[in-house]
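Asks: predicted model, plus sequence, below.
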Amino acid sequence: MDLIETKIDVNSEEYQKNYTEMSALVQDLDKELDRSLNERSQKALDRQEQSGKIPAEKKLELLLDKNTPFLEIAPLAAKGMYDGKIHKAGTLLGIGIVGGKECVISISDATIKGGSVYPMGVKKSLRAQTVAMENRLPMITLMDSAGAYLPLQSEIFPDLDDGGRVFRNQAMMSKMGIPQIVGVMGLCTAGGAYGVAMCDDIVHVKKHGAIFLGGPPLVKAATGEEVTANELGGAEVHCSESGVSDYYAEDDPHAIQIIRKIVQNLPENEKSKLTMIDPVAPLYDPKELYGIVSPDLSKPYDCREVIARIVDGSKFLEFKEMYGPTLVTGWANIHGYPVGILANNGVLFSECAQKATQFIQLCDKRKIPLLFLQNINGFIVGREYEKGGITKDGHKMVNAVSTATVPKFTMVVGASFGAGNYAMCGRAYSPRFLWMWPNAQIGVMGAEQASDVLITITNDQRQRLGQAKMTEEEVAFIKTPVMENALKEGNAYYSTSQLWDDGIIDPAKSRDVIGLAISASLNAPLRDDCYGFGVFRM
C-alpha cells in the first residue's frame, strides 16, 4: 500500500481555527457524556444505596474482564426528550468482553424513574437485539425495571417496532442459538417479566429481585389479595417453587460472578477469519483531525487527510484515483483488519457511482468489510447529468450498498444529506454500526438549501398567479423558521437522541471505535452467499 503524504500545515491560521472550534465541540460532547452518566437525583441515589443495590456503572465494571475496552452504544439516547432527565434512555448499553467473549451488555438504570421504560428505551432495546443478532453476540441483561411508563403506553405497546417486538426478537435469538443471560436485580414487572422468562439463563438476586406479571398493587386491585413483592415473585419463589429462575444470588456482585461463570462456560464461537497484518499506529496524530475538518460544512478538505489519521501506518491503496475523483475509494487496514473505504470529496457524479458499485462488489466478493466516511450533500443535479443517466448510475450504487453482505460501518464526519445519505450507507441501509462526529449534520438537505428551495417554489407560484416576487421581509419571514428548524433537527445531538446513530464520538477516537466494531462483527459469518447483487440498470 502507498503512504498518504500529508499536505496539512499545522501552523496555518485555518488549521488553528478549525482545531480550536472542533476542540470546543469535543469538550461540549465530554460534558454531555458526563451528564448522561452522572446526573441523577440525590433521592434516587439514596434509595439505591438503602436497597443494597449497586450503580449501573459499577455493575458494568464488575462484569467486564479486567483492563478490557467497552464500546458504548447510544450514550446520549433520549437527550432533551421527555423531562430532559431520561439519560441514556434509562439503559447502559454496549459491547464488552466477559469471560474472554465479546458480548452485548444491557444494564437497567433504576436511578432514572425507577427503571421505567420510555419509548426511546424500547427503541434502544431493539437496537441492542439487532446488534446481537447481526453480529452473533451473546446478550447479557442486568434487569431492574418498573415496567412501561404508563403515561406514554400508546408509544410503547402495540406497533411493529414497539415493546412486543422485544419478546419476538428474543424468540428469534433463541432460534439462532444466541445465548441470552439475565440478572434479576430489581423489579421485573409485566413486560419485564416476559423479558426475563424468555432468556436462557436467569440469575435471581434475593430480597430485591422480583419477577411478576402483575405487581402487588395490581394483584390487590384485581383480586383483593395483599402480598409483598418478595412473596409474589422473589428469588425463593422462583428458584425453589415455580422454577422460573435458575441461579440464586445473595446480592448484585454475587449475581455478576455467576453470570461471568455462565459466559465462561459457553462454547467457543470461532470468529470469521480476515487476512490480518500487525497493527501499526497512523503516521500522523489522530488529534490533527480537529484542525483538518472545519465545523463549517461549506469548507472543503481532502478526505485522504482523514483516512491518513485513521488507518494503519497511514497507508492506503487507492482504487480508480483518476476516475470519479469526488469519491475516494481504496483499501487499508485498521488495527490490523482489512477494510474497503469509501470517502466523499464532493458531490456524487455518475462516475463516482459507477466506481463505488464496482468497488463494493470487489470488497463483497473478497470478504472485506466496508467503511463509509460520509461528508456528502448528495448527487449532482441538472439537465446535463440527467441526460447522462445520473439516476440509473445512482441506482447501481444504492443497489450495491443495499445488497453487499460483508459488515458495513459508517462514520458521518460532516454532511449527510438527501440521497447521499442513502448511497453512503445511512442508517436505513443497515450498517453494523453508525457514528457521528460532533460537527456532523443530517437531513433531506442543508438548512440554507431547504430555505432557498421553499422560497423558489413560493416565488414560482406567485409568478404563475401574476403576483410580484416576495419582498426581503417576506423572504426572511419564511426563511428564518425553516433555517432554525433544519439546523435543530439536523444537529448531531438531535440525531443521537433519536437513535439515528450509535453515538457521537470524538474524531480522534474514530480508529479505536472502528477497530472494536470490526472485531465484534467477526463473530458472525463475513458474507451471506445466498444473496449476491440485484439487477444493475444499464
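Replies: Looks like it came in fine.
Asks: compute the number of surrounding residues for Thr20.
Replies: Burial of Thr20 is recorded as 11 neighbouring residues (other Cβ atoms under 10 Å). From N, CA and C alone the C-beta is placed, and that goes for glycine too.
Asks: list the buried residues for stretch 242-255?
Replies: Neighbour-count burial for stretch 242-255 flags 244-249, 251-252, 254-255 (criterion: 16 or more other Cβ atoms under 10 Å).
Asks: same question, stretch 132-149
Replies: Under the neighbour-count criterion of 16+ other Cβ under 10 Å, stretch 132-149 has 132-149 buried.
Asks: roughly how far is whichever helix or strand Asp34 is part of from the heart of the chain?
Replies: Assigned by DSSP states H and E, Asp34 belongs to helix 13-38. Averaged C-alpha coordinates place helix 13-38 at 20 Å from its chain's average position (Cα atoms, centre = their mean, to the nearest Å).
Asks: and what of stretch 11-23?
Replies: Mean-position distance between stretch 11-23 and its chain equals 29 Å (Cα atoms, centre = their mean).
Asks: now do stretch 284-299
Replies: On Cα atoms, centre = their mean, the centre of stretch 284-299 falls 22 Å from that of its chain.
Asks: contacts for it?
Replies: Applying Cβ atoms under 8 Å, 6 or more residues apart in numbering, the contact partners of stretch 284-299 are 6, 8, 10, 14-19, 21-23, 25-26, 301, 305-306, 308-310, 314, 375, 413-415, 437, 439, 441, 446, 507-511.
Asks: same question for stretch 215-222.
Replies: By Cβ under 8 Å, 6+ apart, stretch 215-222 touches 147, 187, 189, 214, 225-229, 232.
Asks: so where's this protein uncertain?
Replies: By pLDDT under 70, the low-scoring segments of the chain are 528-532, 535, 537-538.
Asks: what residue in it is the furthest from its centre?
Replies: Note on the chain: the largest C-alpha distance from the chain mean falls to Gly466, namely 50.3 Å (Cα atoms, centre = their mean).
Asks: show me where the stretch 401-538 of the chain has helices.
Replies: Residue ranges of the helices in the stretch 401-538 of the chain, as given by DSSP state H, counting those that start in this stretch, are 418-423, 447-464, 472-489, 492-497, 510-521.
Asks: can I get those in CSV including mean neighbour count and distance to Ser174?
Replies: Below are those laid out as CSV (neighbours: other Cβ atoms under 10 Å; distance: least, Cβ to Cβ, whole Å):
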stretch, mean neighbour count, distance to Ser174
helix 418-423, 21, 33
helix 447-464, 14, 46
helix 472-489, 14, 38
helix 492-497, 21, 31
helix 510-521, 22, 20
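Asks: reformat the ones you listed as TSV; add distance to Gly100.
Replies: As requested, the helices of the stretch 401-538 of the chain are arranged in TSV below (distance: least, Cβ to Cβ, whole Å):
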stretch	distance to Gly100
helix 418-423	38
helix 447-464	48
helix 472-489	43
helix 492-497	31
helix 510-521	13
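Asks: looking at those helices, spot the one closest to Arg168.
Replies: helix 510-521 (23.4 Å; Cβ to Cβ).
Asks: which other helices and strands contact that closest one?
Replies: Helix 510-521 sits against strand 70-72, strand 91-98, helix 119-135, strand 327-334, strand 337-344, strand 408-417, strand 433-436, with contacts defined as 3 or more Cβ pairs under 8 Å, 6 or more residues apart in numbering; DSSP states H and E.
Asks: next, the angle from it to strand 408-417.
Replies: Orientation note: helix 510-521 sits at an angle of 130 degrees relative to strand 408-417 (axes from the mean of the first three to the mean of the last three Cα atoms, to 10 degrees).
Asks: what about helix 510-521, distance to the chain center?
Replies: For helix 510-521 - counting by Cα atoms, centre = their mean - the centre lies 13 Å from the chain centre.
Asks: strands - which of the buried residues of stretch 132-149 land there?
Replies: By the criterion of DSSP state E, membership of the buried residues of stretch 132-149 in strands covers 139-145.
Asks: sorry, back to before: which of the helices and strands packed on helix 510-521 sits closest to Gln50?
Replies: Comparing these against Gln50 with Cβ to Cβ, the closest turns out to be strand 91-98 (21.3 Å).
Asks: the closest one pairs with which strands?
Replies: strand 70-72 (antiparallel), strand 101-108 (antiparallel) (DSSP bridges).
Asks: save those as a markdown table, and put in distance to Gly163 and mean neighbour count too.
Replies: Converted to a markdown table, the strands paired with strand 91-98 look like this (distance: least, Cβ to Cβ, whole Å; neighbours: other Cβ atoms under 10 Å):
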| stretch | distance to Gly163 | mean neighbour count |
| --- | --- | --- |
| strand 70-72 | 23 | 20 |
| strand 101-108 | 14 | 24 |
